[in-house]
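A.B. asks: any chance you could fold what I've pasted below:
(2 chains)
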2 protein chains.
Amino acid sequence: MDINSEILQLNWKREPYGLYEPIEYTLAAGGKRVRPQLAMIACELFGGKAEEIAPAAMALEVFHNFTLLHDDVMDHAEVRRGRPTVHVKWNENTAILSGDQMLIEAYKLLSGVPADKLPTILQLFNKMATEICEGQQYDVDFESQAHVTIEEYLKMIRLKTAVLLATALKMGSYIADASAEQQDMLYEFGIHIGLAFQIQDDILDVWGNPETFGKAVGGDISCNKKTFVALTAMQLADSATRKELEQWFSQTLLDNTEKIAAVKVLYEQVGTRTKCEEAVEQHTTQALHLLKLLPQNQATEHLRQLANKLNTRNS
Amino acid sequence: MDINSEILQLNWKREPYGLYEPIEYTLAAGGKRVRPQLAMIACELFGGKAEEIAPAAMALEVFHNFTLLHDDVMDHAEVRRGRPTVHVKWNENTAILSGDQMLIEAYKLLSGVPADKLPTILQLFNKMATEICEGQQYDVDFESQAHVTIEEYLKMIRLKTAVLLATALKMGSYIADASAEQQDMLYEFGIHIGLAFQIQDDILDVWGNPETFGKAVGGDISCNKKTFVALTAMQLADSATRKELEQWFSQTLLDNTEKIAAVKVLYEQVGTRTKCEEAVEQHTTQALHLLKLLPQNQATEHLRQLANKLNTRNS
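C.D. replies: From the prediction side, this is the model:
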């Protein structure tokens, strides 16, 4: 089953158009469909039926896109996947309301799993959705928090990013009747690739290729975001360099070209990029180790490839 | 079971506080708890167990408060139930994110109904939630729509307000194993009291007592909202009065005192208040008629009282 075409075949030609067009627009933008893919592969790994996990897989993708939609409003982000965000193309109220409807649509899709498995699937979904909102709240809190530790940051991205990948994998294996231990191992695999994924995202925000990245490169530097890259740089820097970084991060500018260039030079000077790439590497290694403890087949191989691809991706 | 104290006993002392405090604030504000009450009474009417419907009843109240929270952001409303709205007390991003979490909390509560009834309860909830978003979208669309018919307006408030009351009643009767026909009759009863409720709300926005209404009286007039009252007035008015009304409704003012007073005089002149009160009366009568076709017991009597109270309420 090609889950991407299943997602694109969802029909949004419904009235009121003002509610559903932004949903269609958001889902048509593509993206890598990592979450539904993970759910499908995890189900396959344990010999489950694709059609039993597909509704949950689609629910996860719709949910993920809902979070992006509302996050973009809260972050005042103007571009997503190379296109104007919903609140820019339409307006803020549309982004709020169509986002709400997307969250409801995710639950509607989720209801399509076999009835006897619905209570557990719903419980997994609710837990994950809650953690993502909590992660987003910590992310917001960090903005006004003078000092954030790397540990706090990792907890935040675990909630905001990793649990969604982990839950996709757990759902797939649960639908396929994997043992509780196997479900947990896949969940942990998901946490590690999720952390690697988000750290890689922070890296790409600084050193990504503007043509393939889809967002404005240097955005995190411009808005003084305490990312893994920024926190690592502060940790690595001597007191003079730290002062320089702090000075840049105390400024909010209209034109950020100079600031981005200067901060990047400081990042490189103290070895930030290497250190961050090592962290990605480390989480990927831990993920791949967990994979070895599971049945080995085409699906496991596929997960291995995905873990490596997320790690070395440049967009 | 006292469903109001069950709602107030939900525990929101959780981290991150920035996410959960606005939820506690919103739910502690009270309100009449009409929706959970309706679910409980409908369940009682058919001899169902209170503890089986309670999770869904609470879910409906949390969901309702979620819609108010996001609607207040979209409408830039500053006061709700006599207190500052969440986006005023905190900020807009908080209102968006805590609202999202409330919607998820509603689904978490909903999952507490008996497992064998969860699929249908979830399906009823999803349908209702979708209709409410659609209703809100039509409401938004009407703002920029030159002409709105009373029929279109009634469709909008059916979606935005009435289906939630109707679904509460249907859920209660479904949990109590009422027949499909009985469930549908209660649903229709809910639609009629919902329409009466919203029309009464439109009336109170114009002629309510500022001390008991909880919102600013005249708000709909100030922002030129096409309410049942405004549309009825336009229909009743002769061409000269209609022109006067149109002129007032083409203006956006900083101080609306004079406008509210003038529009109210015009409303009264053409008999708007009487006509609107007749509409409330009519829907209440239809609701009470449906009630006669159901088993007669204490619960039916309670619903009868509620229908009458909603109709004659002044806040």
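A.B. asks: contact residues of the stretch 1-150 of chain A facing chain B?
C.D. replies: Applying CB under 8 Å from any CB of the partner chain, one finds that the stretch 1-150 of chain A approaches chain B through A:15-16, A:18-19, A:70, A:73-74, A:93-94, A:96-97, A:99-101, A:103-105, A:107-108, A:111, A:115, A:118-119, A:122-123, A:126, A:129-130, A:133-134, A:136-138, A:140-141. Using the backbone N, CA and C atoms, a C-beta is placed for each residue, glycine as well.
A.B. asks: repeat that with 6 Å
C.D. replies: A:16, A:18-19, A:70, A:74, A:93, A:96-97, A:100-101, A:103-104, A:107-108, A:111, A:115, A:118-119, A:122, A:126, A:129-130, A:133-134, A:136-138, A:141 (CB under 6 Å from any CB of the partner chain).
A.B. asks: filter these down to the ones in helices?
C.D. replies: Those of those mapping onto helices are A:18-19, A:70, A:74, A:93, A:96-97, A:100-101, A:103-104, A:107-108, A:118-119, A:122, A:126, A:129-130, A:133-134, A:136-138, A:141, per DSSP state H.
A.B. asks: where in the stretch 151-300 of chain A is pLDDT low?
C.D. replies: Residue ranges of the stretch 151-300 of chain A with pLDDT under 70: A:214-215.
A.B. asks: does A:I41 touch A:R304 like I think?
C.D. replies: No. Distance between A:I41 and A:R304: 10.5 Å, which falls outside the contact criterion (CB atoms under 6 Å).
A.B. asks: so these two - more neighbours on which side?
C.D. replies: More crowded of A:I41 and A:R304, by other CB atoms under 10 Å in any protein chain shown: A:I41, with 24 against 15.
A.B. asks: quickly find the element holding the more buried one.
C.D. replies: Assessed by DSSP states H and E, A:I41 sits inside helix A:34-45.
A.B. asks: repeat that for A:A166.
C.D. replies: Per DSSP H and E: helix A:163-175 holds A:A166.
A.B. asks: which helices and strands does whatever helix or strand comes next after that helix pack with?
C.D. replies: Beyond helix A:163-175 on the C-terminal side, the first helix or strand identified by DSSP H and E is helix A:180-207. Contacts defined by 3 or more CB pairs under 6 Å, 6 or more residues apart in numbering or on different chains; DSSP states H and E place helix A:180-207 against helix A:163-175, helix A:228-236, helix A:272-292, helix A:298-312.
A.B. asks: save those helices as TSV, and put in distance to chain B too.
C.D. replies: Shown next, in TSV, are the helices and strands packed on helix A:180-207 (distance: least, CB to the nearest CB, whole Å):
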stretch	distance to chain B
helix A:163-175	13
helix A:228-236	19
helix A:272-292	24
helix A:298-312	26
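A.B. asks: among those helices, which comes closest to B:L60?
C.D. replies: helix A:163-175 (26.1 Å; CB to CB).
A.B. asks: contacts for the closest one?
C.D. replies: Under the criterion CB atoms under 6 Å, 6 or more residues apart in numbering or on different chains, residues A:35, A:38-39, A:42-43, A:46, A:48, A:52-53, A:56, A:60, A:124, A:128, A:131, A:182-183, A:186-187, A:190-191, A:194 lie in contact with helix A:163-175.
A.B. asks: run the angle between it and helix A:34-45 for me.
C.D. replies: Interaxial angle of helix A:163-175 relative to helix A:34-45 (axes from the mean of the first three to the mean of the last three CA atoms, to 10 degrees): 30 degrees.
A.B. asks: got the buried residues for helix A:163-175?
C.D. replies: By 16 or more other CB atoms under 10 Å in any protein chain shown, the buried positions in helix A:163-175 come out as A:163-175.
A.B. asks: may I see the buried residues of stretch A:244-264?
C.D. replies: Within stretch A:244-264, the residues scored as buried using 16+ other CB under 10 Å are A:E244, A:L245, A:W248, A:F249, A:N256, A:K259, A:I260, A:V263, A:K264.
A.B. asks: for those residues, which one is nearest B:D220?
C.D. replies: Set against B:D220, the nearest of those by CB to CB is A:N256 (44.1 Å).
A.B. asks: number of nearby residues for the residue nearest to the closest one when sequence neighbours are not counted?
C.D. replies: In space, and not counting its chain neighbours, A:N256 is closest to A:S222: 4.1 Å by CB to CB, 6 or more residues apart in numbering or on different chains. Counted with other CB under 10 Å, residues neighbouring A:S222 total 20.
A.B. asks: and the gap between A:S222 and A:T257?
C.D. replies: Distance of A:S222 to A:T257, given as CB to CB, to the nearest Å: 10 Å.
A.B. asks: and A:E143, by the same measure?
C.D. replies: A:E143 sits 23 Å away from A:T257, going by CB to CB.
A.B. asks: which helices and strands sit right next to the helix holding A:I41?
C.D. replies: Using 3+ CB pairs under 6 Å, 6+ apart, helix A:34-45 is in contact with helix A:50-75, helix A:163-175, helix A:298-312.
A.B. asks: restricting to C-alpha, output it in CSV.
C.D. replies: Coordinates of each C-alpha in helix A:34-45 appear next as CSV, following Å, rounded to 0.1, in the frame of the first residue of the first chain:
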residue,chain,number,x,y,z
VAL,A,34,8.0,9.8,7.6
ARG,A,35,5.4,9.2,10.3
PRO,A,36,2.8,7.2,8.3
GLN,A,37,5.7,5.3,6.7
LEU,A,38,7.1,4.3,10.1
ALA,A,39,3.6,3.0,11.2
MET,A,40,3.3,1.0,8.0
ILE,A,41,6.7,-0.5,8.2
ALA,A,42,6.4,-1.4,11.9
CYS,A,43,3.2,-3.2,11.1
GLU,A,44,4.8,-5.0,8.2
LEU,A,45,7.8,-6.0,10.4
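A.B. asks: what's the helix or strand for the nearest residue to A:L253 once chain neighbours are set aside?
C.D. replies: Using CB to CB, 6+ apart and skipping residues adjacent in sequence, the residue nearest A:L253 is A:K259, 5.9 Å away. If you go by DSSP H and E, A:K259 is part of helix A:257-269.
A.B. asks: please name every helix or strand in contact with that helix.
C.D. replies: Helix A:257-269 is packed against helix A:239-249, with contacts defined by 3+ CB pairs under 6 Å, 6+ apart.
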